[in-house]
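Participant: attaching a predicted model along with its sequence, questions to come.
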2 protein chains.
Amino acid sequence: MSTTHPVDRRERLLEVAARIFSERGYNGASMQDLAEGLGILRGSIYAHIDSKEDLLYEIVDRGADRFISSLQAVAGTDESASDKLRAALLAHVETVAEHMEAATVFLNDWKLLSPKRRKAVVAKRNIYQSLIREIVDEGIRRGEFRKSLDPKFATLVVLSCVNWLYQWYDPKGALRPPEIASQFSEMILKGFSKGA
Amino acid sequence: MSTTHPVDRRERLLEVAARIFSERGYNGASMQDLAEGLGILRGSIYAHIDSKEDLLYEIVDRGADRFISSLQAVAGTDESASDKLRAALLAHVETVAEHMEAATVFLNDWKLLSPKRRKAVVAKRNIYQSLIREIVDEGIRRGEFRKSLDPKFATLVVLSCVNWLYQWYDPKGALRPPEIASQFSEMILKGFSKGA
């Protein structure tokens, strides 16, 4: 690793850590495992890593930023609430599909962070959640979605569908992100609609 | 532990293991942690446990059995597909709520089992999934659900909502299982319905 650029080195380190944490769980991954994954000696691992928890935090924090920025790009448009929701689902599904290992670490292991860092992650999760919630509220306000819709549960249904994805999505399978997102959108939007 | 009945002892062992695995992840829990949780000495832990993986398997396997038997009780009735789905959602939400720690271990750590045991768990997950799928198929066949419904995704939406629950359900919160199940059912069934 010593001949590569520092930024590439950091990327590679995070990639290897995400893979190993996603396979064994954060607590099951040793410094030895990380050194082996990077192809360096166990003794020199601390030249690259301050602490294992720093890596976990960076994976989780970057994951949160990725989800938030993809959603912000969608939420700020002039589209209808339905179209925003469609775009949000697609953006989320694509982000999970492109970063399956980081998504797995994010969703399985974030609770293992220290309390202070966990709090920072919860704050970012709340931002994400309220961006979805705003789309739902807007849809109800504008009369696109039915008045009887419970916005809290409507938001939860959306989050459940996209967050559960990492457990079943097969990167080599026939189902691609656009079809997954459109199938979910169709069913969710029908559940939100005013029709019978 | 030595003065209690062997069956109670096993139950207590599984309960303590589920709590510790759910808090630290299976790979993060040591024999020392389990001994401390049980209030016994590290040296005597093997009198109670053959291997840590046996405990993981028993937690996961019992979890799978619990979900399957609660769903079989529902699937075998003469109710409409909609009512079966409502009852299935309620049974699942109640099972997660009553066994939050075991559910967390089931969903986060099942992949850490040995290949043979993982295969056995996948087989039981498939049984569960096909019981939900049968209700969906029945609803489409009987004309209760719309013909255009994709049964694979319809099943996935149901599974996503109930499986994601362990990440947000608060056993001390105001939202109880019947309300959670009924809110999800209402939205999902509307998404499945023939209306506009």
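Facilitator: Here it is on my side, so go on.
Participant: near chain B, which residues of chain A are found?
Facilitator: Residues of chain A that fall close to chain B, judged by C-beta under 8 Å from any C-beta of the partner chain: A:24-29, A:107-109, A:112, A:149-150, A:153-154, A:156-157, A:159-161, A:163-165, A:167-168, A:183-184, A:187-188, A:190-196. (C-beta placed from N, C-alpha, C; glycine too.)
Participant: chain A: helices as residue ranges?
Facilitator: Applying DSSP state H to chain A gives helices spanning A:6-24, A:31-38, A:52-75, A:81-98, A:100-109, A:115-141, A:151-168, A:177-192.
Participant: would CSV of these with mean neighbour count and mean pLDDT be doable?
Facilitator: Formatted as CSV, the helices of chain A follow (neighbours: other C-beta atoms under 10 Å in any protein chain shown; pLDDT from 0 to 100):
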stretch, mean neighbour count, mean pLDDT
helix A:6-24, 17, 88
helix A:31-38, 17, 91
helix A:52-75, 18, 94
helix A:81-98, 21, 96
helix A:100-109, 23, 92
helix A:115-141, 16, 96
helix A:151-168, 21, 93
helix A:177-192, 20, 94
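Participant: can you give the domain ranges for chain A?
Facilitator: As assigned by automatic domain parsing, chain A contains the domains A:1-49, A:51-192.
Participant: nearest to B:A73, out of the ones you listed?
Facilitator: Nearest to B:A73, of all these, is domain A:51-192, at 24.0 Å by C-beta to C-beta.
Participant: the closest one: end-to-end distance?
Facilitator: Start-to-end span of domain A:51-192 (C-alpha to C-alpha, to the nearest Å) is 46 Å.
Participant: show me what contacts A:T104?
Facilitator: A:A18, A:F21, A:S22, A:Y166 (C-beta atoms under 8 Å, 6 or more residues apart in numbering or on different chains).
Participant: and the gap between it and A:Y26?
Facilitator: Distance from A:T104 to A:Y26, counting by C-beta to C-beta, to the nearest Å: 11 Å.
Participant: so who does A:D54 touch?
Facilitator: Shown in contact with A:D54 (C-beta under 8 Å, 6+ apart): no residues.
Participant: for A:I127, same thing?
Facilitator: Residues in contact with A:I127 (C-beta under 8 Å, 6+ apart) are A:I68.
Participant: from chain B, how far off is it?
Facilitator: Going from A:I127 to chain B by C-beta to the nearest C-beta, to the nearest Å gives 16 Å.
Participant: repeat for A:G76
Facilitator: Note on A:G76: its distance to chain B, by C-beta to the nearest C-beta, is 26 Å.
Participant: one more: A:G39?
Facilitator: Look at A:G39 and chain B: by C-beta to the nearest C-beta, they are 23 Å apart.
Participant: again with A:A64
Facilitator: 15 Å.
Participant: correct me, but that residue touches A:V121?
Facilitator: Yes. Using C-beta atoms under 8 Å, A:A64 is in contact with A:V121, at 6.2 Å.
Participant: my guess is A:D33 contacts A:R24, does it?
Facilitator: Yes. Counting by C-beta under 8 Å, A:D33 touches A:R24, with 7.1 Å between them.
Participant: residue contacts, the nearest residue to A:L89 once chain neighbours are set aside?
Facilitator: Using C-beta to C-beta, 6 or more residues apart in numbering or on different chains and skipping residues adjacent in sequence, the residue nearest A:L89 is A:A181, 4.5 Å away. Counting by C-beta under 8 Å, 6+ apart, A:A181 makes contact with A:R86, A:L89, A:L90, A:H92, A:V93, A:E94.
Participant: thinking again about what came up before, nearest to B:S70, out of the helices of chain A?
Facilitator: Nearest to B:S70, of the helices of chain A and by C-beta to C-beta, is helix A:151-168 at 19.4 Å.
Participant: tell me what angle the closest one forms with helix A:52-75.
Facilitator: Relative orientation of helix A:151-168 versus helix A:52-75 (axes from the mean of the first three to the mean of the last three C-alpha atoms, to 10 degrees): 120 degrees.
Participant: list the contacts of helix A:151-168.
Facilitator: With C-beta under 8 Å, 6+ apart, helix A:151-168 has contacts from A:85, A:88-89, A:92-93, A:96-97, A:100, A:103-104, A:107, A:129, A:132-133, A:136-137, A:140, A:145, A:180, A:184, A:188, A:191-192, B:107, B:156-157, B:159-161, B:163-165, B:167-168, B:183-184, B:187-188.
Participant: and the angle for that helix with helix B:177-192?
Facilitator: With the same axes, to 10 degrees applied, the angle from helix A:151-168 to helix B:177-192 works out at 80 degrees.
Participant: can you give the distance of helix A:151-168 from its chain's centre?
Facilitator: Averaging C-alpha positions (C-alpha atoms, centre = their mean, to the nearest Å) puts helix A:151-168 12 Å from its chain's average.
Participant: what's the burial count for A:T77?
Facilitator: 10 (other C-beta atoms under 10 Å in any protein chain shown).
Participant: find the nearest non-adjacent residue to it, please.
Facilitator: Excluding its sequence neighbours, the residue lying closest to A:T77 (C-beta to C-beta, 6+ apart) is A:K84, at 6.6 Å.
Participant: among the contacts of A:A181, give me the pair with the biggest separation.
Facilitator: Within the contacts of A:A181, two members stand farthest from each other by C-beta to C-beta: A:R86 and A:E94, at 12.6 Å.
Participant: what about the nearest residue to A:K111 once chain neighbours are set aside, distance to A:E53?
Facilitator: Excluding the flanking residues, the one nearest A:K111 by C-beta to C-beta, 6+ apart is A:R118, at 6.7 Å. To A:E53, A:R118 is 11 Å away according to C-beta to C-beta.
Participant: now swap in A:P177 and tell me
Facilitator: 31 Å.
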